[in-house]
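Asks: The amino acid sequence is not available; the structure is as follows:
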């Protein structure tokens, strides 16, 4: 199930949701069916034709389409085309060592419209295995190829030549003609080069994501390194905002007196806004105003249920996210705004996926002789999805950003230390002040465990029944914020994630 979930995340990261995913799946399935079926072989057409009860008296009936393709019933045949400025020539191998002696063979090719005999040319090319091989028009729309005394090792190729103006040219056929004129070497180079480019981009993203920053200095910092908010620390650490940053922001706003949380049940909780003199970051103020409305001088008792109002938060929370990204970028921690960087790579991933899809079907319809190259196009599409997925957390920190992150990692070493904390009057205040940062740094359990032996009183901003110790507080609060942050995260617009 984990693998299925990961595949779903990769596909959704490329923008393939619902109906669009179904469309591409059907399209890929149709292309795969064509690939498996493939054009009919010459010997298959000959054998089927020889056994058919043909009322016209011909062993094999073929149709020459207005676009210049040969068909046996509804199946397109694999042919060789030679196209010049004035002439259009088609060759098709009818027999390739049939393995049995054939007295006579007649093949009729039906033309789409009448043609004058002086404008038309045909040949039945014989390698010497047949006693006779001839061709010619029997009427203005039918050409017949005849061979007799055909030996088991015979090879017969029919050739048909018409003026180029006789062929109906469409935009698609013109494109197919132009691409079809590429040499196999050029197509092979493109089929290998583009997937390799996609793989190189994916490797670059992987190396950037796995670039490690060591704590600076290489020891513990027992005090908060700077005045970064928890959400800004999360962007600095991961290059993006996630559910943990949302949870820590709401927790920090409650601790600072801007929110009151009342828990009625495990998944039933209410938020109300309060007035506080603490200065808010622009994105924090915007988040509160978007959820609760414009701030006023007096506190409001109106409560908001996040569980019941997810749909209302889509645009609102997204706007607050955009302000948070811009604030971190203004501090000089990143070379490029992380959100813009993620968007660029996701657009690149979508373009590469589209090119891979086009290349796949071009290989199916136009370059049928090099089917192994389909694997490269499939690999390119898979790599493009991975580019879109992994670029969402791609950091582009400056040297100053790495130095700042190193200090916070040293602070994390202090949060996860096993040393007990001595009792002080301010010990609970310190626990609550650092808890939002511990949530961002993924060590809230270790930080909470250090206070298990100390007295605890429920903070004034959290209202719930049955909370008397710090472990009871944690057991109720941590699942609460996990549920809440997930509800907010899934409601945000994809462009701001």
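Replies: Looks like it came in fine. Computed from a predicted model, the values in this text were never measured in an experiment. Numbers count the residues shown, from 1 in each chain.

Asks: which helices and strands does the helix or strand containing residue 190 pack with?
Replies: Taking DSSP states H and E as the definition, one finds residue 190 inside helix 184-209. Contacts defined by 3 or more C-beta pairs under 8 Å, 6 or more residues apart in numbering; DSSP states H and E place helix 184-209 against helix 338-365, helix 374-390. (Glycine included, C-beta is placed from N, CA and C.)

Asks: Pretty sure residue 407 sits against residue 221.
Replies: Yes. Counting by C-beta atoms under 8 Å, residue 221 is a contact partner of residue 407 at 6.3 Å.

Asks: which residues touch the nearest residue to residue 407 once chain neighbours are set aside?
Replies: Counting by C-beta to C-beta, 6 or more residues apart in numbering, residue 225 is the residue found nearest to residue 407 once chain neighbours are left out, at 3.9 Å. Neighbouring residues of residue 225 by C-beta atoms under 8 Å, 6 or more residues apart in numbering: 404, 407-408, 410-411.

Asks: now residue 225: how far from residue 417?
Replies: 16 Å (C-beta to C-beta, to the nearest Å).

Asks: and if you look at residue 437?
Replies: Counting by C-beta to C-beta, the gap from residue 437 to residue 417 is 14 Å.

Asks: Give me the more crowded residue out of the two.
Replies: Neighbours per residue, other C-beta atoms under 10 Å: of residue 437 and residue 417, the larger number sits with residue 437, 25 against 14.

Asks: quick one, helices of the stretch 1-150 of the chain?
Replies: 2-13, 18-37, 42-51 (DSSP state H, counting those that start in this stretch).

Asks: weakest of those helices in terms of mean pLDDT?
Replies: In terms of average pLDDT, helix 42-51 trails the rest of the helices of the stretch 1-150 of the chain, at a mean of 42.

Asks: and the helix holding residue 190 with helix 374-390, angle?
Replies: 20 degrees (axes from the mean of the first three to the mean of the last three C-alpha atoms, to 10 degrees).

Asks: packing partners for the next helix or strand after helix 184-209?
Replies: Using DSSP H and E, the helix or strand that follows helix 184-209 in sequence is helix 230-238. Counting contacts by 3+ C-beta pairs under 8 Å, 6+ apart, helix 230-238 packs against helix 243-255, helix 313-330, helix 399-415, helix 427-440.

Asks: Let's see that with 6 Å instead.
Replies: In terms of contacts (3 or more C-beta pairs under 6 Å, 6 or more residues apart in numbering; DSSP states H and E), helix 230-238 is packed against helix 243-255, helix 313-330, helix 427-440.

Asks: what angle sits between the first one and helix 427-440?
Replies: Translated: helix 243-255. 160 degrees.

Asks: For the remainder of this discussion, apply numbering that starts at 17.
Replies: Sounds good: first residue 17 from here, last item helix 259-271.

Asks: After helix 259-271, which helix or strand is next?
Replies: Following helix 259-271 in sequence, per DSSP H and E, is strand 275-281.

Asks: Give me the buried positions along that next one.
Replies: 275-277, 279 (16 or more other C-beta atoms under 10 Å).

Asks: do stretch 343-355 as well
Replies: 343-345, 349-350, 353-355.

Asks: tell me which of these is nearest to residue 80?
Replies: residue 355 (56.8 Å; C-beta to C-beta).

Asks: What distance do you get for the closest one to residue 362?
Replies: From residue 355 over to residue 362 (counting by C-beta to C-beta), the distance is 11 Å.

Asks: Where does pLDDT dip in the stretch 317-466 of the chain?
Replies: 317-318, 320-334, 384-385, 409, 411, 441 (pLDDT under 70).

Asks: Give the residue farthest from the middle of the chain.
Replies: Distance from the C-alpha centroid of the chain peaks at residue 147, with 59.7 Å (C-alpha atoms, centre = their mean).

Asks: Show the contacting residues for that residue.
Replies: Listed by C-beta atoms under 6 Å, 6 or more residues apart in numbering, the contact set of residue 147 reads 164-165.

Asks: tell me the pLDDT at it?
Replies: Reported pLDDT for residue 147: 92.

Asks: gap between it and residue 296?
Replies: Relative to residue 296, and taking C-beta to C-beta, residue 147 is found at 97 Å.

Asks: just residue 360 next, same as before
Replies: Taking C-beta to C-beta, one finds residue 360 at 31 Å from residue 296.

Asks: okay, these two: which has more neighbours?
Replies: residue 296 (17 against 13).

Asks: Next one, pLDDT for the more buried one please.
Replies: 89.

Asks: and if you look at residue 202?
Replies: 82.

Asks: residues near it, how many?
Replies: 11.

Asks: same deal with the one 5 residues further on?
Replies: Burial of residue 207, expressed as a neighbour count using other C-beta under 10 Å, amounts to 24.
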